[in-house]
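Q: Give me coordinates for this.
(4 chains)
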Amino acid sequence: MTTDTVLDALPPEHGEEHDVHHIRKTAMWVFLGSECIFFGSMISTFLLYRTTTGDGPGAELFNVPFTSASSFVLLMSSLTMVLAHHAFERHDTRQGRVWLSATALLGATFLAGQIFEFTEFVHSGLTLSTSPFGSSFYMLTGFHGAHVAIGVMMLTAMAILSTSGRLHHGRGLNVELVGLYWHFVDIVWIVIFTVVYLLQV
Amino acid sequence: MPPERREPGPGGIGGGRSRLGGTGRRAALITAAVAVLGACSGSGPQSALTPEGPIARQIDDLWDLVFVLAVIVFVLVMAVFAVSIFRFRERKHDTREPRQIHGNTPLEISWTVLPAVLLAVLAVPTVRGIFEVRAAAEGPDVIQVNVTGHQWWWEFEFPDMVSDDGRTLVTANELHIPAGVKVQLNMTSRDVIHSFWVPPLNGKRDVVPGRISQLVLEADAEVADKDFGFGPGIIPGQCAEFCGLAHADMRLRVFVQSPADFEAWAAAQLEPVPIPTEGAAAAGYETFNSTCTTCHRAVVADADGAVTTLGAERTLEVDGVTFLDQFGPDLTHFGGRSTLGAAILENSEEHLADWIDNPSDLKPMAPLRNDLEAGKVLGMPSYGIDAEQIAQLVEMLEAWQ
Amino acid sequence: MTAVAQSVDHDPKTGLWSWITTVDHKRIGLLYAVTAFAFFLIAGIEALLIRAQLAGPDGTVLSAEAYNQLFTMHGLTMVFLVVMPIASAFINYLLPLMLGARDVAFPRLNAFSYWLFLFAGLMIYSSFLFGGAPDGAWVGYSPLAGQLTETVRMDFWAVGLQLLGVASIASSVNFIATVFTMRAPGMTMLRMPVFVWMALVIAFLLLFSLPAVGIGLFQLFLDRNFGAVFYEAAAGADPLLWQHLFWIFGHPEVYVLVLPAMGIVSEILPVFSRKPLFGYEFVVFSGAAIGFIGFGVWSHHMFTSGMGPVAEAGFAVSTMIIAVPTGVKIFNWIGTTWGGRLRMATPMLFSLGFIAQFVIGGLSGVTHAIVPTDYQQHDTYYVVAHFHYVLFGGAIFGYVAGVYYWFPKWTGRMLDERLGKIHFWLMVLGFNLTFAPMHILGLNGMPRRTYRYPEGLGYEFWNGMATIGAFIIALSFVFFIINLVRARRHGGVAGDDPWDGRTLEWATPSPPPEHNFDEVPLVRSLDDFWHTKYAEDEEGRAVRVPAVTGAATDADTEAGDDHEAIHMPSPSYYPALASLGLVVFGYGMIYLNWGWIAVGVGAIVALWGLFGWSLEPVTKGDDH
Amino acid sequence: MTLAATTHPTPRLYWMIALILAVVTAAEVGASYVDAVEPVLVPLLLVLGAVKFGIVVAFFMHLKFDRPLFRSLFLVGVFGAIPLFVVVLLTFGAL
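A: This next block holds a predicted model:
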């Protein structure tokens, strides 16, 4: 961070009402910065143990075509997310709700793919206890999956709330913030997909 | 008082006591206490400030340098600070407000640059010291020792000291080394992280499961004759990394011997001990062979000279090196050791009897959590052996000199 | 200034429920302070027991088992339940006031952080009732921490720290958002008080360091309870990974503990020297530099672990570099006193004590950077001496200075100067008597975390001295407590600005009203409040500005003040509910064999709290 | 400082970006199966991954158009984490 940009951060305009939206976005970006270290720790644990497979199976288990497909699904959910945000900005609640639901659905599809993948791996003999490779693989992808699941829950909640008109800027849950979170989960997967799957083949 | 230092350190004579006593600025009491009581609180046989070998001395020289610099910096800074406090403290009749000084850039730059220069100067011997102290010992004279850290004792194996029938020299908690010779320790742990530390001979080194760490010990030639309070040439040390319940009681002793004495010791250690054939000791042997050998190891010979190693041989492979991994210390020459319980008690019949009766009374351990199947050992259990059997065992073990 | 306080229509609400549901940063700050002080007394008793055990050779006051629990809990309590929350108390109370704001950015998130801290702290201490407290040292080195799975002691540690971490990340996000978005008009970044800067730096430190240890704790927890093998050497794992993840957090954490105290001292010295802080920008940027470089030195806790000489040399150099900005701060503090008119009131005494003792701690820190000497010092009492000089002689002295300084603002009452001075001198004496000898003990080969030492190694005398010193420290705090209790009723009335302060909090009544400022102040310079009171003559000396009735706030009033329009956030019980749910969830995780019910109940309660929280309007009748 | 939120991207741009992302992903997967790129596979994949990362952050998360403060906050996280963990892995000799 250059000092210039820090010092640029001028206080908001005069007046009683601070820009709630701006405050929340600041907080969300701060939180996402922190999440970089969170996932960074897990990714480096995985990199440390990527060949520590002991007697168990290793990266040869990966089914790259399958995971590419589910990566694509998650990538496209970022598109639907941003379209949902765009719709809500134009106060088009109906279209926004459609895109929100699509995003949640794509997220759920990704999760289903992950559950399928985990089941396959466990059947092939890779569990949390098999080796440090197994431990770090399941932890990294599992925590990412948990982030997706939380995102799906928030998206679903917002889609439902929007039907009763209870979704607006004054509340904690709002489309732009959840969108930032959702895109972040997507870019983390971009890194995981590259580092864990593609580089192992 | 331990023997005096090799030479008076720049900070003063007498180890760390008087040199550090002055650091508490306001603690005039401590400084006074140092002066008064200095004579009766020597720096002790386990002190890092009384190096007994070239490596520890190199570290100590570095310490002397940084300590003197730190004291100079401290005195200068505190002098200015004290002047400021006394000169500018509020006085009754001076009601004038002070001049509002907001800063001074040249001053700021100089007190940023000066410490940086000082530290850069310190960085040079530091980096050099790291590589020198860390350097592995090389050459034909170097004695190799494989060290296995256990909760809560030390196992030593001399892989190059082999008997005619192929047995290596194994001992526990008491490490004998020849004076004036480099001894290379190759260390690993079977359970948690330990740290091997004999301050007068070198700094400490963590002993990490799954890794081999190395440490070189070297004692000056005359150390073999010096008495640090435990007998000639005996230097205490202990585990320095918190390793659970009995961490405080995971001690060790290094016996620095003249090369000739060391050779003799090694040769004697490689000999098996005799199986007692009569009296109480023979009965003790029965008990030993039926109970103790579950964990302990001993090399014995019968009357015909046939050598047997009692107790299962267990090993641990780390990075291609094989370490011994017995559940309990090798007891072959137990009677010849000066301590028991990982150097926490003098080796006497009385102490040994108490120890066998209930080890956890003397040293906090958790033998109830042992799971030998899984290789988990957290101390020696009490077997509820009666007093007579204990006496027999004691007699036998103490006879194994 | 006092006159305006009456015109506001918010009733001062009282009673237990009002404290549980409060979202007022000042009340939350006080809650933090009281809770942290209670934990401080507990940690102090633990320390006294430890010192009693070590008073002589082969101590028998405590068993090894009890000793290991007590030193673990002492460390854990002091770091996570005393110093961090006391810093949080100051930041909570002062940050909005110093910035000219009405509250922090997220008042309910703030309440959530407090309740989660309290409940997690109580949860960790409840382990004493469930078979014993954590006993693997606060650093919880693997594989030792993963070893004793028969007891849940280290599960309490792992889950408790995780929850405390969540609380700290939440408050960090909150404080950062507050500093970046809630400053009063004209309050540019370089007009912020140094204390605010330090709060901002530590918020970033926590934000970027806690996730690392959080992952480590998850891994350890999975190892202990779900058969994972992150730290299982037999499976090929490397236990040093834990040390990296821990110290990537643990080292910045040290600065988290001490930087707010440095901020406090940087506020107190100018006020009692009657001079501005010498080199404000340098103090600010050196603080930021300490924070930044603080992320590049973690491995100096691992010099004996066997990273290899290249890594050791690199971290030695980075550790030396961090001494430079630390020195800059000290020189600037001395520069602040130089040429001033030093009023030796209690806050000033504690600040001066801070400087002297911190210098010792800083210099002994430099000796750790000289790696070969650290091979001898590491894990000995020398290290214990070093970090107590930094964290007790430094941080705690700074926080006590802060209590003496701001107590009038919090309560409207002055603390007694005579008792304060007795407290100070006893604490200086006791502190140095306790910890100076530990340098000597460590260099003479006494390792830390040992529950007993034998005769014959020369440790008796200095251990005895240290024990006497510890009890003198305890005695000094008796005077502190008497002072606090007495002052609540009988202390002199403080008025708004008892110390002739420089920062905006002194422009408010003591204690400040719920909404802090009737009018949001307009800030035109650093130390703006001071400049409404004083100008400089041609010699550069401060001269009193002829009293304009009222000060900053009145002079800078914006038009159309209408107190009715000040909307403060409504009280809410959802934050407390959500944190309670998380802690119940935590208990369930610890007792997995029967705790799935608790896991479920906790999750539901937490979600209920979070959803209720995100759906309820911030302010009543503010449903736009 | 300007609040550049006025220059908001359009759905058309979003679709375009999604198309680019899809193409890059396909290229990545393809590259990992082609023997010819084997020698440069690691840097290639890292670069392509970084490109995708950057595009999503800049456009979908609006970082390109939003306040510089947000950019700083996030970049501190990303560019703080990378050297930090590179150093950790270097001490293990794992890179």
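Q: Then residue C:502 would be within a helix, right?
A: No - Residue C:502 sits outside any helix when classified using DSSP: H, G, I helix; E, B strand; the rest coil, being coil.
Q: which phi and psi does it have?
A: phi -120, psi -20 (degrees, to the nearest 10).
Q: so how far is chain A from it?
A: For residue C:502, the distance to chain A (CB to the nearest CB, to the nearest Å) stands at 20 Å. The way it works is simple: take the backbone N, C-alpha and C, and place the C-beta from them, glycine included.
Q: Residue B:53 now?
A: Distance, residue B:53 to chain A, using CB to the nearest CB: 37 Å.
Q: was I right about that residue contacting residue B:200?
A: Yes - counting by CB atoms under 8 Å, residue B:200 is a contact partner of residue B:53 at 7.1 Å.
Q: can you pull out the helices in chain D?
A: Counting by DSSP state H, the segments of chain D that form helices are D:11-31, D:41-55, D:68-91.
Q: give me the residue from chain D nearest chain A.
A: Residue nearest to chain A within chain D: residue D:77 (3.0 Å; CB to the nearest CB).
Q: Could you tell me which residues make contact with residue C:92?
A: C:25, C:26, C:28, C:29, C:32, C:104, C:110, C:171 (CB atoms under 8 Å, 6 or more residues apart in numbering or on different chains).
Q: What is the neighbour count of the last one?
A: When neighbours are defined as other CB atoms under 10 Å in any protein chain shown, residue C:171 has 30 of them.
Q: Using the three-state scheme, assign it.
A: Look at residue C:171: counting by three-state DSSP, its state is helix.
Q: Roughly how far does the spatially closest residue to residue B:221 that is not a sequence neighbour sit from residue C:146?
A: The shortest distance from residue B:221 to any residue other than its chain neighbours is 4.1 Å, reached at residue B:180 (CB to CB, 6 or more residues apart in numbering or on different chains). As for residue B:180, its distance to residue C:146 is 43 Å (criterion: CB to CB, to the nearest Å).
Q: try residue C:263
A: Counting by CB to CB, the gap from residue C:263 to residue C:146 is 38 Å.
Q: Repeat that for residue C:371.
A: The spacing between residue C:371 and residue C:146, counted by CB to CB, is 29 Å.
Q: With residue B:307 instead?
A: Separation of residue B:307 from residue C:146 (CB to CB): 41 Å.
Q: now swap in residue C:103 and tell me
A: 43 Å.
Q: contacting residues around residue C:454?
A: The neighbours of residue C:454, taking CB under 8 Å, 6+ apart as the test, are B:344, C:57, C:58.
Q: Buried ones among the residues you listed?
A: Buried subset of these (neighbour count, 16 or more other CB atoms under 10 Å in any protein chain shown): residue B:344.
Q: So which of the contacts of residue C:454 reach chain D?
A: When CB under 8 Å from any CB of the partner chain is applied, no member of the contacts of residue C:454 is adjacent to chain D.
Q: And for residue D:37, the neighbour number?
A: 13.
Q: I figured it was touching residue D:47, is that so?
A: No - here residue D:37 does not reach residue D:47: they are 12.0 Å apart, not a contact under CB under 8 Å.
Q: helix, strand or coil for the closest residue to residue C:596 other than its chain neighbours?
A: Counting by CB to CB, 6+ apart, residue C:588 is the residue found nearest to residue C:596 once chain neighbours are left out, at 6.5 Å. Secondary structure, three-state DSSP: residue C:588 is helix.
Q: List the contacts of the residue of the stretch 1-150 of chain C found nearest chain B.
A: Among all residues of the stretch 1-150 of chain C, residue C:64 sits closest to chain B, at 3.6 Å; criterion: CB to the nearest CB. Contacts for residue C:64 were tallied using CB under 8 Å, 6+ apart; they are B:245, B:246, B:248, B:249, B:364, C:451, C:452.
Q: which of those residues lies closest to residue C:138?
A: For the contacts of residue C:64, the closest approach to residue C:138 (CB to CB) belongs to residue C:451, at 16.0 Å.
Q: For the closest one, which non-adjacent residue is spatially closest?
A: Leaving aside its chain neighbours, residue C:451 sits nearest to residue C:67 (3.7 Å; criterion: CB to CB, 6+ apart).
Q: Now for that neighbour, how many residues are close by?
A: 25.
Q: Mind pulling up the pLDDT for it?
A: With respect to pLDDT, residue C:67 scores 96.
Q: residues from the stretch 401-550 of chain C in reach of chain A?
A: Residues of the stretch 401-550 of chain C lying close to chain A by CB under 8 Å from any CB are residue C:520.
Q: what residue ranges in the stretch 401-550 of chain C score low on pLDDT?
A: Residue ranges of the stretch 401-550 of chain C with pLDDT under 70: C:547-550.
Q: Taking it, what residue is nearest to chain A?
A: For the stretch 401-550 of chain C, CB to the nearest CB, closest residue to chain A: residue C:520, 7.4 Å.
Q: Okay, and that residue sits in which element?
A: Using DSSP states H and E, residue C:520 falls within no helix or strand.
Q: what does the one 4 residues further on give?
A: If you go by DSSP H and E, residue C:524 is not part of any helix or strand.
Q: How about residue C:253?
A: Short version, using DSSP H and E: residue C:253 is in helix C:240-273.
Q: contact partners of the helix or strand just after that helix?
A: Next helix or strand after helix C:240-273 toward the C-terminus (DSSP H and E): helix C:280-293. Here helix C:280-293 makes contact (CB under 8 Å, 6+ apart) with B:102-103, B:108, B:112, C:190, C:194, C:197-198, C:201-202, C:204-205, C:252, C:255, C:259, C:262-263, C:266, C:277, C:318, C:321-322, C:325-326, C:328-329, C:332, C:526.
Q: rerun that using 7 Å as the cut-off
A: The contact list for helix C:280-293, computed with CB atoms under 7 Å, 6 or more residues apart in numbering or on different chains, reads B:103, B:108, C:190, C:194, C:197-198, C:201, C:204-205, C:255, C:259, C:262, C:266, C:277, C:318, C:321-322, C:325-326, C:328-329, C:332, C:526.
Q: just how off-centre is that helix within its chain?
A: Relative to the centre of its chain, helix C:280-293 is centred 18 Å away, using CA atoms, centre = their mean, to the nearest Å.
Q: Identify the residue nearest residue A:83 in space, chain neighbours excluded?
A: Nearest non-adjacent residue to residue A:83, counting by CB to CB, 6+ apart: residue A:99, 4.6 Å away.
Q: If you count contacts, what does the helix or strand harbouring the one you found end up packed against?
A: Element membership of residue A:99, judged by DSSP H and E, is helix A:93-123. Applying 3 or more CB pairs under 7 Å, 6 or more residues apart in numbering or on different chains; DSSP states H and E, one finds that helix A:93-123 makes contact with helix A:64-89, helix A:132-163.
Q: Tell me the buried residues in stretch B:230-244?
A: Of the residues in stretch B:230-244, those buried (16+ other CB under 10 Å) are B:230, B:233-244.
Q: Please list the outside residues in contact with that stretch.
A: If you take CB under 7 Å, 6+ apart as the criterion, stretch B:230-244 is touched by B:45-46, B:52, B:151-152, B:192-195, B:197-201, B:204, B:206, B:223-226, B:228, B:247, B:250-257, B:338, C:137, C:144, C:379-380, C:447, C:449, C:457.
Q: repeat that for 6 Å
A: Contacts with stretch B:230-244, where a contact means CB atoms under 6 Å, 6 or more residues apart in numbering or on different chains, come from B:45-46, B:151, B:192-195, B:197-198, B:200, B:204, B:206, B:223-225, B:228, B:250-257, C:137, C:144, C:379, C:447, C:449.
Q: Filter those down to the buried ones.
A: Among the contacts of stretch B:230-244, those buried by neighbour count (16+ other CB under 10 Å) are B:45-46, B:151, B:192-195, B:197-198, B:200, B:204, B:206, B:223-224, B:228, B:250-257, C:137, C:144, C:379, C:447, C:449.
Q: dump the residue contacts of the residue in the stretch 201-350 of chain B positioned nearest to chain C.
A: Nearest residue of the stretch 201-350 of chain B to chain C (CB to the nearest CB) works out as residue B:203 at 2.3 Å. Contacts for residue B:203 (CB under 6 Å, 6+ apart) come out as B:59, C:375, C:376.
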